[in-house]
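> coords please:
(one chain, ligands or ions: 1)
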Amino acid sequence: MQNFNGFGLAAPLVTALTQMGYAKPTPIQAQAIPVLMQGRDLIGIAQTGTGKTAAFALPILNRLIADKKPAPRGGARVLVLAPTRELASQIAQSFRDLSAGLSLDIAVVFGGVPHGAQIRALAKGLDVLVATPGRLLDHLDARVATLGAVEFLVLDEVDQMLDLGFVRPIRRIVRELPRKRQNLFFSATMPPDIRKLAGELLHEPAEVSVAPAATTVERVEQKVVHVDASRKCDMLVELFADPAFTRAIVFTRTKRGADRVARSLDQAGIGALAIHGNKSQGQRERALAAFRSGQARAMVATDIAARGIDIDDVSHVVNFELPDVAEAYVHRIGRTARAGKGGQAISFCDASERDSLRAIERLTRMRIFSLDRRGDKGPKPAPVVRKPAATAPDRPHHAPHRDPRAANQQPHRVRQGRRTRPTYQAKAAPAR
Ligand code: AMP
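The predicted model follows:
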């Protein structure tokens, strides 16, 4: 499908699409919209970023336009359930943008905020209600919401809703719905428990699926190390004691941070170069050449500077600081795992970065394996050994770190030729 004209959408929707700059349907839209326009139930296997929100919002809005009715008091004609308040807000905004000029009543209901405004919105009646399951259940229990007039049920990001323990609230909510309704069910993955739930809720669904946007993520072995901010430099040096770190890109958030980190690696005898927007073209090219040739084991870069740099055989990506924008994480770790190969990504996360980590896990739909090294006081100052760049150290420059809180936790030492390295047991991630 080359444009949106072929779907038979109402004129105001086509105008809104033009205003929003959507020229061409995305694959999930091209597949899902015709099926939904026929009134069929649908299972969509698609991630965020594929355009799935418009894929379900457009046919629903089309029906609301064709079949005008007053919004039901205390309830809604369309119910969308989503796992998080951020996603719920985004979905509601998409409905608003796509129905610009149609004066539909659209509201969001989620936890963590006072009930009053939500109760008032429900009381007036809604065309579209986007809700997280827990808070909607509260309103149902308080009898300030009724769902007897719902014509469309959308379950978005079902896999995440189940991860968050929403399966029972969803089942309870569904019991309040009329039997005759159109069901739309979206999930990035379809393991058996999710398929079973779909089987219970949907009636002869069509199934469409689109490839996930970020397949590299799956090829990269990822790890998060929870650390104190003040210990990051030492921990980074410790990582380079591993000779497997042959060619690593270290990401920082700022240019100054990149310079600082490159300096501390260099002082520890690890050949490192910083590359960022304040460097001249000549400096950048020399840095890249040294990194490509293996003269420098580490390149410390900011996100913008690293864009467009294509280097093979990057063994590791280290996120010295997590990016503000979760998508940048996917771009960063994709620097290893190039050309179908695997790679490793290690991310430091201090107390101020927990929200960024949560956003990354939401985006990648993965719980990243984590180690807890907070409270790690590190070694006694070790003598600084200057070594020529590009030679892998044959022993750590710093003594291995111990977690002082784990008094009886003896690191298990692994002899590797002349090197002795500690391995630490993974601890559960801190409550987030
Ligand atoms: P979603 O997967 O629904 O979260 O959408 C991801 C992003 O793609 C959002 O920023 C949408 O605004 C945008 N988008 C959705 N459909 C289209 C389209 N057909 N053309 C351009 N952008 C789109």
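> which parts of the stretch 51-200 of the chain sit against the ligand?
With CB under 6 Å from any ligand atom as the criterion, the stretch 51-200 of the chain comes near the ligand at residues 51-54. For glycine as for every other residue, the C-beta is placed from the backbone atoms N, C-alpha and C.
> and of these, the nearest to residue 113?
Of all these, residue 53 has the smallest distance to residue 113: 22.0 Å, by CB to CB.
> Check which residues of the host helix or strand of that closest one are buried.
Using DSSP states H and E, residue 53 sits in helix 52-66. For helix 52-66, the buried set under the neighbour-count rule, 16 or more other CB atoms under 10 Å, comprises 52-65.
> I'd like the average pLDDT over it.
For helix 52-66, the per-residue pLDDT values average out at 97.
> can you check stretch 179-191 too?
91.
> can you give me how far it is from the chain middle?
When distances are taken as CA atoms, centre = their mean, to the nearest Å, stretch 179-191 is centred 21 Å away from the chain's centroid.
> Residues contacting that stretch, please?
36, 39-48, 52, 56, 60, 150-160, 194, 198, 201-203, 205, 212, 365 (CB atoms under 8 Å, 6 or more residues apart in numbering).
> Helices of the stretch 201-350 of the chain, start to end?
216-219, 232-239, 255-267, 281-293, 303-306, 326-333 (DSSP state H, counting those that start in this stretch).
> and the ligand, which of these is closest to it?
Shortest separation from the ligand across the helices of the stretch 201-350 of the chain is recorded for helix 326-333, at 10.8 Å, computed as CB to the nearest ligand atom.
> do the closest one and the ligand meet?
No: judged by CB under 6 Å from any ligand atom, helix 326-333 stays clear of the ligand, getting no closer than 10.8 Å.
> Packing partners of that helix?
helix 216-219, helix 303-306, strand 316-319, strand 343-349, helix 354-364 (3 or more CB pairs under 8 Å, 6 or more residues apart in numbering; DSSP states H and E).
> got the buried residues for it?
Here helix 326-333 shows 326, 328-333 as buried, counting by 16+ other CB under 10 Å.
> Could you verify my assumption that residue 178 touches residue 146?
No: using CB atoms under 8 Å, residue 178 is not in contact with residue 146, being 10.9 Å away.
> more neighbours, the two?
residue 146 (16 against 11; other CB atoms under 10 Å).
> unless I'm mixing things up, the more buried one is touching residue 176, no?
Yes: counting by CB under 8 Å, residue 146 touches residue 176, with 7.4 Å between them.
> hey, what's in contact with both of the two?
residue 140.
> Could you tell me how far residue 20 is located from the ligand?
7 Å (CB to the nearest ligand atom, to the nearest Å).
> That residue: neighbour count?
Counted with other CB under 10 Å, residue 20 comes out at 13.
> List the contacts of it.
97-98.
> let's number from 650 now, not from 1
Done: numbering now begins at 650, and the last item shifts to residue 669.
> got the contact list for the residue lying closest to residue 714 once chain neighbours are set aside?
Excluding its sequence neighbours, the residue lying closest to residue 714 (CB to CB, 6 or more residues apart in numbering) is residue 659, at 4.5 Å. Taking CB under 8 Å, 6+ apart, we find residue 659 in contact with 710-711, 714-715.
> before we move on, back to that, between the buried residues of helix 701-715, which is closest to residue 926?
Using CB to CB, the buried residues of helix 701-715 come closest to residue 926 at residue 702, 34.2 Å.
> Distance of the closest one relative to residue 805?
8 Å (CB to CB, to the nearest Å).
> Check the gap between the residue nearest the centre of the chain and residue 900 for me.
Centroid-nearest residue in the chain, with CA atoms, centre = their mean: residue 1012, separated by 1.4 Å. Separation of residue 1012 from residue 900 (CB to CB) stands at 16 Å.
> Same check on residue 711?
In terms of CB to CB, residue 711 sits 44 Å off from residue 900.
> ok, now residue 814?
Using CB to CB, one obtains 33 Å as the distance from residue 814 to residue 900.
> who's more crowded, these two?
residue 900 (29 against 10).
> Surely that one touches residue 951?
Yes: using CB under 8 Å, residue 900 is in contact with residue 951, at 7.3 Å.
> Name the residues of stretch 981-1000 that are buried.
In terms of neighbour count (16+ other CB under 10 Å), stretch 981-1000 has its buried residues at 981-987, 992-999.
> actually stretch 998-1009, not the one I wrote
For stretch 998-1009, the neighbour count (16+ other CB under 10 Å) marks 998-999, 1002, 1005-1006, 1008-1009 as buried.
> which of the buried residues of stretch 981-1000 lies closest to the ligand?
Among the buried residues of stretch 981-1000, and counting by CB to the nearest ligand atom, the member closest to the ligand is residue 983, at 18.6 Å.
> measure the closest one to residue 833 for me?
31 Å.
> tell me the domain ranges of the protein?
653-858, 869-1026 (automatic domain parsing).
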